[in-house]
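> Just to be clear, the model below is a prediction. Sequence and coordinates:
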Number of protein chains: 2
Amino acid sequence: MITLIKDILMQKPDGQEVAVYGWVRTKRETKNLIFIQVNDGSCFASIQLTFDRDKGIDSQTEKELSRITTGASIKATGALVESPASGQAVEVAAKTIFVYGEASGETYPLQKKRHTFEFLRDIAHLRARTNTFGAVARVRNQMAFAVHNFFQEHGFQYVHTPLITASDSEGAGEMFQVTTLDMQEIVRKALKDKADPATFILDYKQDFFERAAYLTVSGQLEIETYATALSRVYTFGPTFRAENSNTTRHLSEFWMIEPEMSFFRLEDNMELAENFIVYLLKWALTHCRADLEFFNAQIKPGLIGTLEHVVKTPFTRITYTEAVKELEKHAAEFEFKPFWGCDLQSEHEKYLTEQVFKGPVIVTDYPKEIKAFYMKQNDDGKTVRAMDVLVPGLGEIIGGSEREDNLAALETRMNELGLDMKNYWWYLDLRRYGSVPHSGFGLGFDRLLLYVTGMANIRDVIPYPRTPKSAEF
Amino acid sequence: MITLIKDILMQKPDGQEVAVYGWVRTKRETKNLIFIQVNDGSCFASIQLTFDRDKGIDSQTEKELSRITTGASIKATGALVESPASGQAVEVAAKTIFVYGEASGETYPLQKKRHTFEFLRDIAHLRARTNTFGAVARVRNQMAFAVHNFFQEHGFQYVHTPLITASDSEGAGEMFQVTTLDMQEIVRKALKDKADPATFILDYKQDFFERAAYLTVSGQLEIETYATALSRVYTFGPTFRAENSNTTRHLSEFWMIEPEMSFFRLEDNMELAENFIVYLLKWALTHCRADLEFFNAQIKPGLIGTLEHVVKTPFTRITYTEAVKELEKHAAEFEFKPFWGCDLQSEHEKYLTEQVFKGPVIVTDYPKEIKAFYMKQNDDGKTVRAMDVLVPGLGEIIGGSEREDNLAALETRMNELGLDMKNYWWYLDLRRYGSVPHSGFGLGFDRLLLYVTGMANIRDVIPYPRTPKSAEF
C-alpha cells in the first residue's frame, strides 16, 4: 500500500527511496533549488520536496515542474534525507515528479492567501484541503474513535437506534417529517376532486410507513430498551431538529452520543460522565497534538491550557438549588437574574465554571418543570435526578439523568404533562417487566468538537452543515 | 463500577464475595436447592446463583425468592465458587437477593418457551433479552468496532457525510423526502384559494431548506470530496431507500460503510476489500466466539466453517467477461440464462463462489450500462473498472470501483445518461482541481451481519427495522 506522509515523516532519514503522493501546498524557487510542500491530509505537516538543478533535472521533470501550482496533485520520488531547514526534520531529495491533475492558478479557489470561514463554507467540498479544516477533520476522526474506545473498554455495546421514527421521542423539539407522498399530486388531486377545505384530512395510509413518520430527535427511549437487556449500551448517530435557530451552536442535523446504563444511579452516572470527558480530552491532547497546537496558535489562544486544566481538575458536584443560591449572591453580574425555577442560562453556567469553581461542575436535581418527563423524581416532589455537566469555556457539554423506573410515578408524570400513553406502550413495558434503576446522558458530538478545537461556529466542525435554508452539497 | 457478569465469569473462584446484577432467565428448585440463572447481556452465558436451604435462608430472602420469575431484575450477593454442574466453571453460592422489578408470569411476553422471530419482531423492545437477539446485538457491536479499528489501523479518517441532502447522489434508488411543510394546511389553503389543479406548483421556498430535500442513499459523492483532501477516508452511517421491497434482504433504513482512497487503482481497491473482509471475519471468530457457537448450533449449522473457509482462502479475481463465459458453460443450471450484458443474478453469484471457485470471488470490469456513472471507463469503451466481491453463502457483499477522474470522460458519460451537470458542480470540481486516481467501495453493514450471524432475515439483525408499512417503536 502507498505510504502516507505521516508515516514517511516518522522514518529515519537514511537516504532511502520514498514515494510521496499528495497535493501541492506551495512551490517556491531560488536560483537552482525548487522547494515544494506536499500535503496528503494524513497529518498536519506537509513534506518538503527539494529539486536541485545543480544535480541535474531532466527535461521531462522540468516539464512536470512547470505545471505545478498550489492544489496540483502529484507523485514524487526521491531520497529521504535530513533537512537543513528549520521546522522540519526530514525532506525528500527529489528525483522525479508526476502531475496527476493541475489546479489552475486562475480558477482554483484555494490560493495561498487566507480565506474567511464564510467563504470556505461556500466551497465546503474543498475546505478540508486547508490547514484549519484538515485539522478539524482529523480531530473529529480521533474523537469519534475515542468515543468507541471508551465505551468498549467499559463494557458497553454499541446500538444503532432508528433514525426514522413514528413517535415524538420526548417532545424535545420540532421534527422533520419523512414521506414518499407526492405532495404536489395530492394538492392537484384534491383540487380536481373539489374537496372541502374545512374537512380535508391528509391520508397517511398512503404514505410509505402507512403513518406519519419523522426523523428522530434522540435515540434515548429506544436505547433504554437495550439497556434493560445488555446492561450498558450507547448510541452514536445522527439526530435532527427542525428548529429555525440560526446560531453558531445549532445544527439541524448533528451527531449525538447517548450511553444508557442499567443499575446506575445518578452518582454512577456522574462518575461515568466525568471519566468520559477526561478520557476524551486526554485522547485529544495525546493523539491530536499537532492539530491542537495549530488551533492553540491560530484559532483560540489558551485552548490547550483549558483542556489540560479540565483533565486534571476534579469535577465539582452541586445541586441546582445550591447553584441558584450561589448565583443569586452575584445577581448584579447577570443580564438574566437567576431564581429558583429558572433554566440556567449560558452566562450562569460560565460564571459557575469560570468564576465560582474555576473548573468543571456537575449540577444535579433540577426542578422537574424544566426537565424531561422520564427523569427520576426526588421525594421532595419538586426536583428530578437530572445532571448537567458544565465545563469552563463552553458551558453545558452533557445533559443526563437517572430515569424514572417506577411505573406508577412515570404514568402520573406523563398524565400531568398530557402525554398520550398509548404512544409509549413499549417504553412503559420496561417498567412493567424486570424494571431496574438506570441512568444515561447525551453528549452532542459537534459541540464537543467546538470545545476541543476552539472553533467558534458549529458549521465549521461538521463536513456538510445542515441549517435553516441550507442543505448544499 | 458494577462488575458485569462476563467479568465475574472470568474470575478465579476463590470463594470471594461477588455482587450479581441482571435479569432472571430461569429458576428451578430441587428439595433444598434453588438454582437461578441470571443474565445481564454482557455475554452469552448466564451465571448461576445457588441458594441452599440446608445452609439457611432468612425470611427476607425467602420472600424475595418467591417474587422471582423469568424476566425479574435482581441483585444478588454471595461467594464465587467452582461449580459442580457441567457446562459452567463457576457459580455463586448466594446469600442475599433483592428484586428490583418483577415480571409477571401471566403477562410477561418472554416466557421460557421458544418464540418465533415473527412474534419477537412485534416486541422488538424486549427481544434483545433473548439468547438469539442478545447474541445478534453483541456481534453487531463487535463488527462495528472492528470496522473502525480496521480503518484506523490503515490510516483512514472517519468522515460524517450528511444524511439530509438536496441532491439525488447517484440516482441509486427512490428517496424519502424530508420536509417541515404542513401538507394538510397546504392542501386546505389551495382548496380555499381555488387554485388551478392543472398548474398548481408546490412552493419549496417555504420548506425548511428552501428547496426539496431528501434522505441520502449513499455518502459516496461527498466522501470523495474528503478523499481528495485527506487521502484515505470512510463513512459509516445510516442510508435510506424508499423502495417498496418486502424481502428478507432489504431495509428502508440501513447502515453503510463506504471507504474512499485517493491514489488507489482498482487493484489496490480489491486488495483492501479482501483484507477488510478477512479482518472482519477473523475479528468475529475471535471476539464473538460464544455467540457464533450459538448461531452455529441453533441458527445455521456450518456457519463457523464457512467463515473460517473465507478467512483462509485467497479471493479469486476474474473479469465479468470471463465470469459470464464460465456461467454460459453451465447455462442449464440457471433459471435466468446468463449472457454478456446481463446483471449477475444471485444464482449466478452463488454458482461462482460455491461451485466454480469454491471460495470468495472478485468480479471486475462490468459493462458500463449496468453500473453507475462515476465508475472509471476502460479503453474498450464497453466496460468500467467496477468490482463486486462475492462470498459463498451470501453472494455480493461489497460493490465498488475505481472512479472516473478524467473531467471530459466523466462529463461525456453524464451527458449520455442525461444527468443534470449543474447539480454536480462540486463533484466535478474534484476533477478540475488536483484530480487524482481514486477508488472506493460500499459494504452494507446489515448484510455483513446476516453473513456473520447466519440469521435469515435482515429485520432480525438491526434493533428496529424500518420496512414498507413498518416504523413501530
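Structure's in. What do you need? Numbers count the residues shown, from 1 in each chain, chains lettered A, B, ... in the order given.

> which residues of the stretch 351-473 of chain A fall in strands?
Under the criterion DSSP state E, counting those that start in this stretch, the stretch 351-473 of chain A contains strands at A:361-367, A:383-391, A:395-402, A:438-444.

> just checking, what packs against the longest one?
Think strand A:383-391. Packing contacts for strand A:383-391, counted by 3 or more Cβ pairs under 8 Å, 6 or more residues apart in numbering or on different chains; DSSP states H and E, involve helix A:266-287, helix A:320-329, strand A:361-367, strand A:395-402, strand A:438-444. (Each C-beta comes from the backbone N, C-alpha and C, glycine too.)

> Could I have the CA atoms of the longest one written out in PDB?
It stands for helix A:266-287. C-alpha atoms of helix A:266-287 as PDB (Å, rounded to 0.1, in the frame of the first residue of the first chain):
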ATOM      1  CA  LEU A 266     -27.300   9.300  39.400                       C
ATOM      2  CA  GLU A 267     -24.000   9.100  41.300                       C
ATOM      3  CA  ASP A 268     -22.700   6.400  39.000                       C
ATOM      4  CA  ASN A 269     -23.900   8.400  36.000                       C
ATOM      5  CA  MET A 270     -21.900  11.500  37.200                       C
ATOM      6  CA  GLU A 271     -18.800   9.400  37.700                       C
ATOM      7  CA  LEU A 272     -19.100   7.900  34.200                       C
ATOM      8  CA  ALA A 273     -19.700  11.300  32.600                       C
ATOM      9  CA  GLU A 274     -16.600  12.800  34.400                       C
ATOM     10  CA  ASN A 275     -14.400   9.900  33.400                       C
ATOM     11  CA  PHE A 276     -15.700  10.100  29.800                       C
ATOM     12  CA  ILE A 277     -14.900  13.800  29.400                       C
ATOM     13  CA  VAL A 278     -11.500  13.400  30.900                       C
ATOM     14  CA  TYR A 279     -10.800  10.400  28.700                       C
ATOM     15  CA  LEU A 280     -11.900  12.300  25.500                       C
ATOM     16  CA  LEU A 281      -9.800  15.400  26.300                       C
ATOM     17  CA  LYS A 282      -6.700  13.300  27.200                       C
ATOM     18  CA  TRP A 283      -7.100  11.400  24.000                       C
ATOM     19  CA  ALA A 284      -7.200  14.700  22.000                       C
ATOM     20  CA  LEU A 285      -4.200  16.000  23.800                       C
ATOM     21  CA  THR A 286      -2.300  12.800  23.100                       C
ATOM     22  CA  HIS A 287      -3.500  11.800  19.600                       C
END
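
> Toward the C-terminus, what is the element adjacent to it?
Sequence order places helix A:289-294 as the next helix or strand after helix A:266-287, per DSSP states H and E.

> That following helix - contacts with which helices or strands?
Packing contacts for helix A:289-294, counted by 3+ Cβ pairs under 8 Å, 6+ apart, involve helix A:131-153, helix A:303-312, helix A:445-453.

> before we move on, back to that, can you list the helices and strands packed on strand A:383-391 in JSON lines and add mean pLDDT, distance to chain B and mean neighbour count?
Shown next, in JSON lines, are these (pLDDT from 0 to 100; distance: least, Cβ to the nearest Cβ, whole Å; neighbours: other Cβ atoms under 10 Å in any protein chain shown):
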{"stretch": "helix A:266-287", "mean pLDDT": "98", "distance to chain B": "7", "mean neighbour count": "19"}
{"stretch": "helix A:320-329", "mean pLDDT": "97", "distance to chain B": "26", "mean neighbour count": "18"}
{"stretch": "strand A:361-367", "mean pLDDT": "98", "distance to chain B": "17", "mean neighbour count": "23"}
{"stretch": "strand A:395-402", "mean pLDDT": "97", "distance to chain B": "13", "mean neighbour count": "23"}
{"stretch": "strand A:438-444", "mean pLDDT": "98", "distance to chain B": "10", "mean neighbour count": "24"}
